[in-house]
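This is a predicted model, with the sequence first.
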Amino acid sequence: MLDIKFIRQNPNKVKEGCRAKQAKVDIDELLEVDKKRLETLQALEDMRAQKNKASKKIGETKKEKSSKKTNLLLALRPLERARRNKKIILEMKELDSNSDRLTQTIKELDEKFNALMLQVPNLPQDDVPVGKDASSNVVLKEVGEKPKFDFKPKDYLELAERLNLIDIKRAAKVSGTRFGYLKGGAALLEFALIDLAFGTLTKDGFIPIVPPVMVKSEVARGMGYFEQADKEDAYYLPKDDLYLVGTSEQSIGVMHTNEVFEEKDLPKRYVGFSTCFRRESGSYGKDTKGIMRVHQFDKVEMFSFCHPEKSKEEHQFLLSMEEKLMQQLKIPYRVLQMCTAEIALPQAAKYDIEAWLPGQNQYRETHSTSTCTDFQARRLNIRYRNKSGKVNFVHTLNGTAFAIGRTLIAIIENYQQKDGSIKVPEALQKNLKFKTIS
RNA sequence: GGUGGGGUGCGAGAGUGGUUGAAUCGGGCAGUUUUGAAAACUGCUAUACCAGCAAUGGUAUCGUGAGUUCGAAUCUCACCCCCACCGCCA
């Protein structure tokens, strides 16, 4: 959510941001509703002030009844006093019927206003390239050396099925399309990856957590992904009114809802592990094979609550941690700055890391880190108190540590050997009892 | 799933219809005193929105939402959450 004051003062800037992000919100309508809402509110508050005053007066005379002090007014006989009060009460009743109407109007305006406000996206940061689609993303750098093979590198699925690491067919039998069993070395690699991520990040002060994967519906809305298509992408349990999280960001970010941090406790960084559930409703026909895009996968995620002035720095920090993890695995990758069309409603800037997949001869996304500035904090009312006692909204950021499935894909393709076996990346070897999966 | 108890400010905790944004204690901040500290004393100590250059004024907020009333922390209803015990259970 943006600050309405900011929208009032910078309508053109907001409109421009909406256009860049291809969000369809009528800012003029929003401002119109806002204006009406304020006018009505003012009228209603004036009325309430009158009522409060009158009620107070009645309270006073009632109390004076028992007081022994007298003055001219108090000398009024009880009967007369009661009559005066009755008159006031009648007047207030009259007022009430008017205020009821206003209350109804304001309720309607509020609803309209809130609905519109929730649709206004976070504005892209100045350095985010403007674009219509993925083609406008900017490659910032390529890191690592692509492995050279003296044979034609195979696709991960071919390798994995032959080594009995991934079983899609049986998963289809049990759960349907877009599911998979990780078996043998792949299952063990998952735990080694989790360990590597937690080990690396906790060393840097991240607080390790395993969050709930089901969240209440009002909570699910909080992070700001439901206004776009993502609502359709979430699994919902109607019997309990719970959503399965698509990423642990959704249950970590909301953890501190309505809380106030002390400034000295910022940044508050978490590393969370959770299973993620996605319906992938908008991706029919995309990556239908294997485990590139599945309904259920495990992920280690970073989340940070930080001081607003430090969030750009923090974003770079999260990116650097992602790179550090990739470099430990020695998987070649590139870093992309995502363009305005590719960043979601709550996000102000986003970097993706794409791993090189030799079997497919292309880069594919394995990591993503975004800053949501104060957009989520505002919705969730997450603030910090500075030294002079002032409270203000924090900034929230998130980033992938390892999305297990896709990282496995990258490992399998990059570490494949001529005989079809797979070498275990050095950084994972200490966790596993073997150096090769064959 | 069943029964009982409870949700009040930074914390503890009072308040069961009237000048209560809320007693009291504790914490925090500032000041007096002190060579320094402690102690003592004094004062301050919620948030949001609206009007205003400001001082200030207004409105709302005692789990959430609705209702009764001229007036609700206080009464009514619904919901949420927490605690205790019982049942079931990895």
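Sure thing, it's come through. Numbers count the residues shown, from 1 in each chain, chains lettered A, B, ... in the order given.

for RNA strand B, what are the nearby residues on chain A?
Residues of chain A lying close to RNA strand B by Cβ under 7 Å from any atom of the strand are A:4-5, A:38, A:41-42, A:45-46, A:48-49, A:51-56, A:58-60, A:62-64, A:88-89, A:92-93, A:96, A:216, A:389-391. C-beta here means a position set from N, CA and C on the backbone, and glycine is covered the same way.

Apply 6 Å and report the result again.
If contact is defined as Cβ under 6 Å from any atom of the strand, the residues of chain A in contact with RNA strand B are A:5, A:38, A:42, A:45, A:48-49, A:51-52, A:54-56, A:58-60, A:62-63, A:89, A:92-93, A:96, A:391.

Among those, name the buried ones.
Buried positions within the residues of chain A next to RNA strand B, assessed by neighbour count (16 or more other Cβ atoms under 10 Å), are A:54, A:58, A:92.

what's the domain layout of chain A?
Taking automatic domain parsing as the domain assignment, the ranges for chain A are A:4-119, A:134-437.

for the last one, the distance to its chain's centre please.
Looking back up the chat, that one is domain A:134-437. Taking Cα atoms, centre = their mean, to the nearest Å, one finds the center of domain A:134-437 at 13 Å from the center of the full chain.

What of the shortest one?
Taking Cα atoms, centre = their mean, the mean C-alpha location of domain A:4-119 is offset from the chain mean by 34 Å.

where does the closest residue to residue A:382 other than its chain neighbours land on pLDDT?
Spatially, and ignoring its direct neighbours in sequence, residue A:382 is nearest to residue A:256 (5.0 Å; Cβ to Cβ, 6 or more residues apart in numbering). Per-residue confidence (pLDDT) for residue A:256: 87.

Name all residues that make contact with residue A:394.
Neighbouring residues of residue A:394 by Cβ atoms under 8 Å, 6 or more residues apart in numbering: A:261, A:266, A:305-308, A:374, A:377, A:382-384.

Any quick PyMOL command for the buried ones out of the residues you listed?
Buried subset of the contacts of residue A:394, written as a PyMOL selection, criterion 16+ other Cβ under 10 Å:
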select buried, chain A and resi 261+266+305+306+307+374+377+382+383+384
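
Just give me the closest of the contacts of residue A:394 to RNA strand B.
For RNA strand B, the closest of the contacts of residue A:394 turns out to be residue A:383, at 7.7 Å, with distances computed as Cβ to the nearest atom of the strand.

Angles on the backbone of that closest one, please.
Torsion angles at residue A:383 (phi, psi; degrees, to the nearest 10) stand at phi -130, psi 180.

how close does the residue nearest to residue A:382 sit to residue A:97?
Using Cβ to Cβ, to the nearest Å, residue A:256 is found at 44 Å from residue A:97.

Between the two, tell me which one has more neighbours.
For the pair residue A:256 and residue A:97, the greater number of neighbours falls to residue A:256 (19 against 8), based on other Cβ atoms under 10 Å.

Was I right to think the more buried one contacts residue A:305?
Yes. Taking contacts as Cβ atoms under 8 Å, residue A:256 lies within contact range of residue A:305: 6.5 Å.

Show me where chain A dips below the pLDDT cut-off.
By pLDDT under 70, the weakly predicted segments of chain A are A:62-78, A:227-231.

how far away is the residue of it found nearest RNA strand B from residue A:85?
Closest approach between chain A and RNA strand B, counting by Cβ to the nearest atom of the strand: residue A:59, at 2.5 Å. For residue A:59, the distance to residue A:85 (Cβ to Cβ) stands at 10 Å.

Next secondary structure element downstream of the helix ranked longest in chain A?
Residue-count comparison of every helix in chain A, with assignments taken from DSSP state H, identifies helix A:78-119 as the longest. On the C-terminal side of helix A:78-119, the nearest following helix or strand under DSSP states H and E is strand A:138-143.

quick revisit: same for the longest helix of chain A, what does it pack against?
Helices and strands touching helix A:78-119, by 3 or more Cβ pairs under 8 Å, 6 or more residues apart in numbering; DSSP states H and E, are helix A:27-64.

The helix it packs on to helix A:78-119, inter-axis angle?
With axes from the mean of the first three to the mean of the last three Cα atoms, to 10 degrees defining the directions, helix A:27-64 sits at 160 degrees from helix A:78-119.

element containing residue A:412, please.
According to DSSP H and E, residue A:412 maps onto helix A:404-414.

element containing residue A:364?
Counting by DSSP H and E, the secondary-structure element that holds residue A:364 is strand A:362-371.

What are the buried residues along that strand?
Using 16+ other Cβ under 10 Å as the burial criterion, the residues of strand A:362-371 that qualify are A:363-364, A:366-371.

and that strand, which strands flank it?
The strands beside strand A:362-371 in its sheet (DSSP bridges) come out as strand A:349-357 (antiparallel), strand A:395-403 (antiparallel).

related to what we said a few turns ago, mark which of the contacts of residue A:394 are part of strands, please.
Judged by DSSP state E, those include A:261, A:305-306, A:383-384 as members of strands.

Between those residues, which sits nearest residue A:204?
Using Cβ to Cβ, residue A:306 comes nearest to residue A:204 of the ones in strands among the contacts of residue A:394, at 13.9 Å.

check contacts around that closest one.
Listed by Cβ under 8 Å, 6+ apart, the contact set of residue A:306 reads A:266-268, A:314, A:394-397.

Can you name the residues bridging to it?
Applying DSSP bridges to residue A:306 yields these beta-bridge partners: residue A:395.

Quick check: residue A:140 touching residue A:333?
No. Using Cβ under 8 Å, residue A:140 makes no contact with residue A:333, being 11.1 Å away.

Of these two, give the one with the bigger neighbour count.
Between residue A:140 and residue A:333, counted using other Cβ under 10 Å, residue A:333 has the larger neighbour count: 25 against 12.

where does the spatially closest residue to residue A:150 that is not a sequence neighbour land in three-state SS?
Computed as Cβ to Cβ, 6+ apart, the closest residue to residue A:150 that is not its neighbour in sequence is residue A:418, at 7.1 Å. Three-state assignment for residue A:418 (DSSP: H, G, I helix; E, B strand; the rest coil): coil.

Next up, phi/psi of residue A:418, please.
Torsion angles, degrees, to the nearest 10, at residue A:418: phi -60, psi -40.
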